[in-house]
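Asker: Here is the input, now give the coordinates:
(one chain, ligands or ions: 3)
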Amino acid sequence: MDLSLCLQESLTLFEPTRSTFIPITLTLPLFRNCLTPTNGLISSKTSHLLLVVDSSLVSEAVPVIDLNDPNALQLIGHACRSWGVFQVINHGIPTSILHQTESTAKTLFSLPLEQKLKASRSPDAVSGYGLARISPFFSKLMWYEGFTVFGSPLDHFRQLWPRDYTKHCDVIEEYEKEMKKLAAKLAWLMLGSLGITKEDVDWAGPNGDFADASSASQLNYYPACPDPDKAMGLAAHTDSTILTILYQNSISGLQVMKEGVGWVTVPPIPGGLVVNVGDLLHILSNGLYPSVLHRAMVNRTKHRISIACLYGPPANVQISPLPKLVSPSQPPLYRAITWSEYLGTKAKYFNKALSIISSPQKGLADVNDHNNSVKVG
Ligand SMILES: C=C1C[C@]23C[C@@]1(O)CC[C@H]2[C@@]12CCC[C@@](C)(C(=O)O1)[C@H]2[C@@H]3C(=O)O
Ligand SMILES: O=C(O)CCC(=O)C(=O)O
Ligand SMILES: [Fe+2]
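Answerer: Ligands and ions are numbered 1, 2, ... in the order given. Below is the predicted model of the structure:
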């Protein structure tokens, strides 16, 4: 099907049938003095241009949603159902906070290895420096270093920067404060697009502000790789979260799996943040919003940094399909589970975690075992 798109002097096209913005690199001046198919001349005075684009050329692009758009709720619902991921602009997070956090991450990963190892993540902990949690499931090492902050980064940052740890603690604290606000807003938009209101989520707190929600900050570093086709930055996975907000620097690398299409790159857009549906929203929505499989590729000449806000419920709240989304014709697909139990199940069974907790109890006998849980609170 051909699409008619109206191009102004801007770098994004709005694609009405899919309600997405498509970033393009062409600008109007490039067309100036060209002949149109009907032999009209595009003059230097032309300010609007009707482009007819073959959709196979546009292909599939991850939706970009302006949070100031009055239709944001519907656009988010559509994106969650069909992609499990979208980018947001006008999200309200000051660019300076993102850049300062990126700079802290860059400083951290540039430290000598023996210094970074002083802040290593211990085996049953969440916080600290190390390989990806999922690395035991892969035979090849990933081209990746990570640092997780859960709770106060003070002890680890003191090890890393004995002199100026406070500066970096302040940066992370500010970043987390802002990200948690945005995550709560996004959680309501995502749940709201399913018809869920504050009364339907008892752990949202009396003001419905998810005041007790937990989050972890994940700093990801992918060094430049001389042979990028032979290495993987972060192997394909879904996040064990309600939602994840990802800041990526200007180097692309993130790809998401789209059914019927394959791997689609999520291009970094200035001021944009990537939001993806995690396994816990998959459970809450009773499978209506599937968590998205994604991975990170590496670059031949440039290192890449990304920073994720991993957003989840309070540690010990039972998460199960929301009653409003369950009916005799849509029975609950998953049993109730806390975030910490889910992380334990993921650490043990990786990509089988969701199917292991699918109901009726198809799981293995020991998955309810509390030894499987990971401390998140
Ligand atoms: C809260 C968490 C999610 C995570 C495991 C963790 O305990 C802390 C690190 C998180 C992370 C970040 C990179 C990708 C990922 C799959 C991993 O290996 O560690 C996620 C984990 C997850 O979402 O399951
Ligand atoms: O670096 C990226 O683009 C992806 C990071 C990621 O998937 C994660 O932190 O969970
Ligand atoms: Fe991820």
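
Asker: next structured bit after the longest helix seen in the chain?
Answerer: The longest helix of the chain (DSSP state H) is helix 165-192. Counting by DSSP states H and E, the next helix or strand C-terminal to helix 165-192 is strand 214-222.

Asker: For that following strand, enumerate the helices and strands it packs against.
Answerer: Using 3 or more Cβ pairs under 8 Å, 6 or more residues apart in numbering; DSSP states H and E, the elements in contact with strand 214-222 are helix 95-109, strand 145-149, helix 165-192, strand 304-312. All C-beta atoms are positioned from the backbone trio N, CA, C, and that covers glycine.

Asker: C-alpha coordinates for the last one, CSV please?
Answerer: Once non-C-alpha atoms are left out, strand 304-312 reads as follows in CSV (Å, rounded to 0.1, in the frame of the first residue of the first chain):
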residue,chain,number,x,y,z
ARG,A,304,28.4,2.9,23.3
ILE,A,305,26.8,3.7,26.7
SER,A,306,23.2,3.2,27.6
ILE,A,307,21.4,3.7,31.0
ALA,A,308,18.3,1.9,31.9
CYS,A,309,15.8,2.6,34.7
LEU,A,310,14.4,-0.8,35.6
TYR,A,311,11.1,-0.1,37.1
GLY,A,312,9.2,-2.6,39.2
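
Asker: Residue numbering should commence at 3 henceforth.
Answerer: From this message on, residue numbering opens at 3, which makes the last subject strand 306-314.

Asker: which parts of the stretch 253-379 of the chain sit against ligand 1?
Answerer: When proximity is defined as Cβ under 6 Å from any ligand atom, the stretch 253-379 of the chain approaches ligand 1 at 312, 345, 348.

Asker: got the residues you listed as CSV, with neighbour count and pLDDT columns?
Answerer: Compiled in CSV, these are given as follows (neighbours: other Cβ atoms under 10 Å; pLDDT from 0 to 100):
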residue, neighbour count, pLDDT
312, 24, 98
345, 25, 96
348, 23, 97
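
Asker: For the closest residue to residue 163 other than its chain neighbours, give me its contacts.
Answerer: The spatial neighbour of residue 163 that comes closest, neighbours along the chain excluded (Cβ to Cβ, 6 or more residues apart in numbering), is residue 170 at 6.1 Å. Shown in contact with residue 170 (Cβ atoms under 8 Å, 6 or more residues apart in numbering): 106, 109, 110, 155, 159, 162, 163.

Asker: wait, what's in contact with the closest residue to residue 294 other than its chain neighbours?
Answerer: The shortest distance from residue 294 to any non-neighbouring residue, by Cβ to Cβ, 6+ apart, is to residue 86 (3.0 Å). Residue 86 is in contact with 258, 278, 279, 291, 292, 293, 294, counting by Cβ under 8 Å, 6+ apart.

Asker: Check the gap between the last one and residue 135 for me.
Answerer: When distances are taken as Cβ to Cβ, to the nearest Å, residue 294 and residue 135 turn out to be 18 Å apart.

Asker: just the third one next, same as before
Answerer: Using Cβ to Cβ, we find residue 279 at a distance of 19 Å from residue 135.

Asker: Specify which residue of the two has the higher count of neighbours.
Answerer: The neighbour comparison of residue 279 against residue 135 (other Cβ atoms under 10 Å) goes to residue 279, with 27 against 19.

Asker: residue contacts, that one?
Answerer: Counted by Cβ under 8 Å, 6+ apart, residue 279 has contacts 82, 86, 87, 192, 245, 291, 292, 293, 294.

Asker: Show me which residues of this structure are close to ligand 2?
Answerer: Taking Cβ under 6 Å from any ligand atom as the contact definition, the chain meets ligand 2 at 220, 222, 236, 241, 246, 248, 250, 255-256, 296, 298, 308, 310.

Asker: Which one of the contacts of residue 86 is nearest to ligand 2?
Answerer: Closest approach between the contacts of residue 86 and ligand 2, by Cβ to the nearest ligand atom: residue 278, at 8.0 Å.

Asker: what lines up beside whatever helix or strand that closest one lives in in the sheet?
Answerer: Using DSSP H and E, residue 278 falls within strand 275-279. Paired strands of strand 275-279, with direction, are strand 87-91 (antiparallel), strand 245-250 (antiparallel) (DSSP bridges).

Asker: Show the subsequent helix or strand relative to it.
Answerer: Following strand 275-279 in sequence, per DSSP H and E, is helix 281-286.

Asker: Does anything pack onto that next one? Which helices or strands?
Answerer: By 3+ Cβ pairs under 8 Å, 6+ apart, helix 281-286 packs against helix 341-351, helix 355-358.

Asker: 10 Å - rerun?
Answerer: Helix 281-286 makes packing contacts with helix 167-194, strand 245-250, strand 306-314, helix 341-351, helix 355-358 when contacts are defined by 3 or more Cβ pairs under 10 Å, 6 or more residues apart in numbering; DSSP states H and E.

Asker: Would you mark the buried spots in the first one?
Answerer: So that's helix 167-194. 167, 170-171, 173-174, 177-178, 180-182, 184-193 (16 or more other Cβ atoms under 10 Å).

Asker: pretty sure residue 333 contacts residue 322?
Answerer: No: contact criterion Cβ atoms under 10 Å: residue 333 and residue 322 do not qualify, at 12.0 Å.

Asker: Name all residues that make contact with residue 217.
Answerer: Applying Cβ atoms under 10 Å, 6 or more residues apart in numbering to residue 217 gives the contacts 151-152, 178, 181-182, 185-186, 243-244, 246-247, 310-314, 378.

Asker: In terms of packing, which of residue 333 and residue 322 has more residues around it?
Answerer: A side-by-side neighbour count of residue 333 and residue 322, using other Cβ under 10 Å, places residue 322 first with 17 against 11.

Asker: Test my guess that the more buried one contacts residue 337.
Answerer: Yes: using Cβ under 10 Å, residue 322 is in contact with residue 337, at 6.7 Å.

Asker: Now do the shared contacts for the two.
Answerer: Both residue 322 and residue 337 are contacted by 285, 359, 361, under the criterion Cβ under 10 Å, 6+ apart.
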